[in-house]
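Trainee: Sequence and predicted model, in that order:
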Amino acid sequence: MQLPTFRKNQCCFTGPIKDNIRYGKPEATDAEILAVSKKAFAHEFISELHDNYDTLVGERGVKLSGGQRQRVAIARAMLTNAPILILDEATSALDSESEKMIQKALWRLMKDKTTVVIAHD
């Protein structure tokens, strides 16, 4: 079985947010995307965007903040449901409010998975 890998600079690519989340599981339904987006605390900000889940994120997610890009990446990882996670600086360069949301989402993501967390602080 080949497991998908995601790197920090690959968390978002040109295209709609829903396709960014669906990347690791192309057959995912819109309902599955909505469910993981809520668990990753991404649904709220996505719902406020002009085209919601059809909003284009720009090259490497430039139209999103760092915290928003990380929540999209967490939603993608939740949808993929890989048994092993490697998180490298998962909460670096975030404001304190975004960091709290990311940490809550990460705890949900890591449940029942083997996880390696790398932090340099």
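Mentor: That came through, no problem. Computed from a predicted structure; not experimentally measured.

Trainee: For the rest of this, base every contact and every neighbour count on C-alpha atoms.
Mentor: Noted.

Trainee: lowest confidence element among the helices and strands of this protein?
Mentor: Least confident helix or strand of the chain, by mean pLDDT, DSSP states H and E, is helix 96-110 with a mean of 82.

Trainee: Can you name the element that comes right after it?
Mentor: strand 114-118 (DSSP states H and E).

Trainee: roughly how far apart are the residue nearest to the spatial centre of the chain and residue 94?
Mentor: Central residue of the chain (CA atoms, centre = their mean): residue 73, 2.0 Å from the mean position. Distance, residue 73 to residue 94, using CA to CA, to the nearest Å: 15 Å.

Trainee: Could you list every helix and strand in contact with the helix or strand residue 85 falls within?
Mentor: Using DSSP H and E, residue 85 falls within strand 84-88. Under the contact criterion of 3 or more CA pairs under 8 Å, 6 or more residues apart in numbering; DSSP states H and E, strand 84-88 touches strand 114-118.

Trainee: what angle do the strand it packs on and helix 96-110 make?
Mentor: 150 degrees (axes from the mean of the first three to the mean of the last three CA atoms, to 10 degrees).

Trainee: CA-only coordinates of strand 114-118, as PDB, when you get a sec.
Mentor: The C-alpha coordinates for strand 114-118 follow below in PDB (Å, rounded to 0.1, in the frame of the first residue of the first chain):
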ATOM      1  CA  THR A 114       1.200   6.400  15.300                       C
ATOM      2  CA  THR A 115       2.600  10.000  15.300                       C
ATOM      3  CA  VAL A 116       6.000  11.500  15.200                       C
ATOM      4  CA  VAL A 117       6.000  15.200  16.200                       C
ATOM      5  CA  ILE A 118       9.000  17.300  15.400                       C
END
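
Trainee: and it, what other elements does it pack with?
Mentor: In terms of contacts (3+ CA pairs under 8 Å, 6+ apart), strand 114-118 is packed against strand 84-88.

Trainee: Could you pull out the buried residues of the strand it packs on?
Mentor: 85, 87 (16 or more other CA atoms under 10 Å).
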